[in-house]
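*Asks:* sequence first, predicted coordinates after that:
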Amino acid sequence: MKARLGMSPIAWWNDDLAELSDDVSLEECLRQSRSAGFTGMEMGRRFPRDPAVMLPILRAADVTLCGGWFSGTLVDEEMAANKDRIAPMIELFKAVGAPCIVYGEVGRSIQGNRAAPLATKPKLSDDEMKAYARKVTAFGEWCAGEGMPLSYHHHMAAVVETEGELDAFMRHSGPGIPLLLDAGHLAFAGGDVLRAIDDHHARINHVHVKDIRRPVVDRLDRTRQSFLDAVALGAFTVPGDGSLDFGAIVQRFADYGYEGWFVVEAEQDPKKNPPAKMAGIGHAELMRVMTAAGYTVETQGFPAG
C-alpha cells in the first residue's frame, strides 16, 4: 500500500490568531516541511492563486499541493453562492494537480470567534441535518463533475463536530461527498477515532493526522473558553508529541486499504513549538507507524514530467 505525507501551513501562519504566526515566506515554509521529509503542502493564505505563479514555486520546492480549505456556507446560503466562490479554486486545483478541496462548514460556526465558548457551538435539528447533508452531497457531486472532488471536514465548533453529528451527517449524505477524517478534531470532540474509521472508511478520501495534548483539552472550561482559546493554550500538536496512538490509527486505515494523503495539521505557537522542529517530530513518528502498518511512503514531491 502506498501513502503520501503532507503538512498544512497553519503551523507557520495561523489565519485566525495572528500571534500564532511565524514571519516566514511561502518558499521558506515549503523548504522547512520538505527538509523534514514531507512531499505535500495544503494551501494557505500566502499561496498565489495563479497556477502560472504557483507551479514554479511548487516545482522549485519539490512539493505537491495536497489540498486546501474552502469555507463553505451551505448550512445557510444557497448552492449558487458557494458554486461561484469555489469555481476559481476548482480551476486552480485542477491546474496544479491537487487531489481534492477540503470543504469546511463555516456557516453558524464559532470556530473563529474567540468570544464564543465551546459549549455554545451550533446544533442542527434532525430535519436540518438531513436537509444539510443532502445539500452538501449535491454540492460535492457538482464539484466532482467540474473535475475536483471535495473532502468534508468535520470540525470543532461547527455544525458537524461530535461523533454523533458526524454519524448523522454520513447517514443522510451520499457518496458524492467524501469524508476527511481528522483524528485530532474528533478526539477533541470526545469521539472514538478508531470507531469512526470502522464506520466510515468507505467514504474517507483524505486524512488529517492532527494530535492533541489531552491534559490541555481536559482542563478546558467549555462554558467559558473558546476553540481559539484552546488553540492558543496548545490543544493541538503533531503526531509523536501528543496523546493519540497513531500506531493504532494508521494501522486501522491500513486494515481497510486506505491509500492516499496523511496530512499533519497542527496549529500552535511557533515560538514555543518551532514549525521546522515539529515537522521533523511529526514526520519521524509517521514514518515509524507507517512502516509498521505496511505502507510504502512516496518520496517524490512535485510530479515528474
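*Replies:* Happy to help now that I have it.
*Asks:* may I see the buried residues of stretch 233-243?
*Replies:* For stretch 233-243, a neighbour-count test (16 or more other C-beta atoms under 10 Å) marks 233-242 as buried. Quick note: C-beta positions are derived from backbone N, CA and C, even for glycine.
*Asks:* can you report how many residues lie near Thr291?
*Replies:* Thr291 has 12 neighbours, counted by other C-beta atoms under 10 Å.
*Asks:* dump the buried residues of stretch 233-243 into a markdown table; add distance to Val160 and secondary structure as well.
*Replies:* As requested, the buried residues of stretch 233-243 are exported to a markdown table (distance: C-beta to C-beta, whole Å; DSSP: H, G, I helix; E, B strand; the rest coil):
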| residue | distance to Val160 | secondary structure |
| --- | --- | --- |
| Leu233 | 24 | helix |
| Gly234 | 25 | coil |
| Ala235 | 19 | coil |
| Phe236 | 18 | strand |
| Thr237 | 23 | strand |
| Val238 | 24 | coil |
| Pro239 | 23 | coil |
| Gly240 | 28 | coil |
| Asp241 | 27 | coil |
| Gly242 | 23 | coil |
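*Asks:* closest one of these to Asp269?
*Replies:* Gly234 (7.0 Å; C-beta to C-beta).
*Asks:* any figure for the gap between that closest one and Pro270?
*Replies:* From Gly234 across to Pro270, the span is 12 Å (C-beta to C-beta, to the nearest Å).
*Asks:* specify which member of the buried residues of stretch 233-243 is nearest to Glu105.
*Replies:* Nearest to Glu105 among the buried residues of stretch 233-243 is Phe236, at 19.3 Å by C-beta to C-beta.
*Asks:* contacting residues around Met129?
*Replies:* By C-beta atoms under 8 Å, 6 or more residues apart in numbering, the contact list for Met129 reads 165, 168-169, 172.
*Asks:* same thing with Gly174?
*Replies:* 134, 137.
*Asks:* can you tell me the SS state at it?
*Replies:* coil (DSSP: H, G, I helix; E, B strand; the rest coil).
*Asks:* quickly note the distance from it to Pro9.
*Replies:* Gly174 is 32 Å from Pro9, where distance means C-beta to C-beta.
*Asks:* can you map out the helices along the protein?
*Replies:* In the chain, the helices defined using DSSP state H lie at 26-36, 51-61, 79-96, 126-145, 163-172, 183-188, 193-200, 214-219, 227-233, 246-255, 275-293.
*Asks:* of those, which is nearest Leu5?
*Replies:* Distance to Leu5, taken as C-beta to C-beta, is lowest for helix 275-293 among the helices of the chain, at 5.8 Å.
*Asks:* tilt between that closest one and helix 26-36?
*Replies:* Taking axes from the mean of the first three to the mean of the last three C-alpha atoms, to 10 degrees, helix 275-293 and helix 26-36 form an angle of 40 degrees between their directions.
*Asks:* now the angle from helix 275-293 to helix 246-255?
*Replies:* If you take the same axes, to 10 degrees, helix 275-293 sits at 50 degrees to helix 246-255.
*Asks:* among the contacts of Met129, who's most crowded?
*Replies:* Highest neighbour count within those: Phe169, with 24 neighbours (other C-beta under 10 Å).
*Asks:* just checking, that residue touches Ala158?
*Replies:* No. Using C-beta atoms under 8 Å, Phe169 is not in contact with Ala158, being 10.7 Å away.
*Asks:* for the residue nearest the centre of the chain, which non-adjacent residue is spatially closest?
*Replies:* The chain has His208 as the residue nearest its centroid, 4.8 Å off, counting by C-alpha atoms, centre = their mean. Distances taken as C-beta to C-beta, 6 or more residues apart in numbering place Asp182 nearest to His208, at 4.0 Å, with adjacent residues excluded.
*Asks:* with Lys271 instead?
*Replies:* Of all residues not flanking Lys271 in the chain, Asp22 sits nearest, at 7.9 Å (C-beta to C-beta, 6+ apart).
*Asks:* ok, now Val216?
*Replies:* The shortest distance from Val216 to any non-neighbouring residue, by C-beta to C-beta, 6+ apart, is to Ala235 (4.9 Å).
*Asks:* next one: Ile110
*Replies:* Ala116 (3.8 Å).
*Asks:* residues contacting that neighbour?
*Replies:* Counting by C-beta under 8 Å, 6+ apart, Ala116 touches 110, 157, 226.
*Asks:* any of those residues buried? List them.
*Replies:* Neighbour-count burial (16+ other C-beta under 10 Å) applied to the contacts of Ala116 gives 110, 157, 226.
*Asks:* where does the first one land on pLDDT?
*Replies:* According to the model's per-residue confidence, Ile110 sits at a pLDDT of 98.
*Asks:* give me the mean pLDDT for the longest strand seen in the chain.
*Replies:* For the chain, the longest strand by residue count, based on DSSP state E, is strand 64-72. Averaged across strand 64-72, pLDDT comes to 98.
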